[in-house]
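A.B. asks: here is my input, please return the structure:
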Amino acid sequence: MNENNELLILLHDNIKMGLSSTKKLIDLIKEKNNKIKFLLEEELQRYEEFYKKCKKYIKKEKIQIEHSSFLKKLTANTAMKMEIKKDNSDSKVASILIKGFNMGNIDIETKIKDYKKEANKETVNLAQELLDFGKKQIELLEEYI
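C.D. replies: Model (predicted):
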């Protein structure tokens, strides 16, 4: 597999995990009075924009996406549900999201460094956009801790 395709698949998986986790968190606190809900809604909207853009690039490159992250998503969602059941405070929600963003950011940053010269410029730009989004979200989420 070439570097561009590998980077696109990483971005796709990262975005799908972000979409899934954000939707699940919104659902878990929908009946609560969390102030962080607005930030989650904006985050979800951004993830949906990233997903559309990433899918466009994947289609252009004719990449087949394997849906192998089901177990990873299920495990993450189950752990998140248990955490929120114990503590649904804005601080806890922010903490969960920050951990997720940090993991994704590390993977994306590593791949950008590794593939910057080999991958398509638009793919690298999308990766950098997603990385910048993750860093900005962490800054916003830290206000809730």
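A.B. asks: tell me how far stretch 99-113 lies from the chain's centre.
C.D. replies: 10 Å (CA atoms, centre = their mean, to the nearest Å).
A.B. asks: now the strands for the protein?
C.D. replies: Counting by DSSP state E, the chain has no strands at all.
A.B. asks: need the contact list for the residue sitting nearest the centre point of the chain.
C.D. replies: Geometric centre of the chain, nearest residue: G18, 3.0 Å, by CA atoms, centre = their mean. G18 makes contact with 43, 47, 50, 100, 104, according to CB atoms under 8 Å, 6 or more residues apart in numbering. Glycine gets a C-beta too; all of them are placed from N, C-alpha and C.
A.B. asks: report how many residues lie close to the first one.
C.D. replies: To tie it back to what came earlier, the one meant is E43. Neighbour count of E43, defined by other CB atoms under 10 Å: 23.
A.B. asks: what's the answer for the last one, then?
C.D. replies: For G104, the tally of surrounding residues (other CB under 10 Å) stands at 22.
A.B. asks: how near is the spatially closest residue to it that is not a sequence neighbour to A79?
C.D. replies: Excluding its sequence neighbours, the residue lying closest to G104 (CB to CB, 6 or more residues apart in numbering) is N14, at 4.7 Å. Taking CB to CB, to the nearest Å as the criterion, N14 is separated from A79 by 18 Å.
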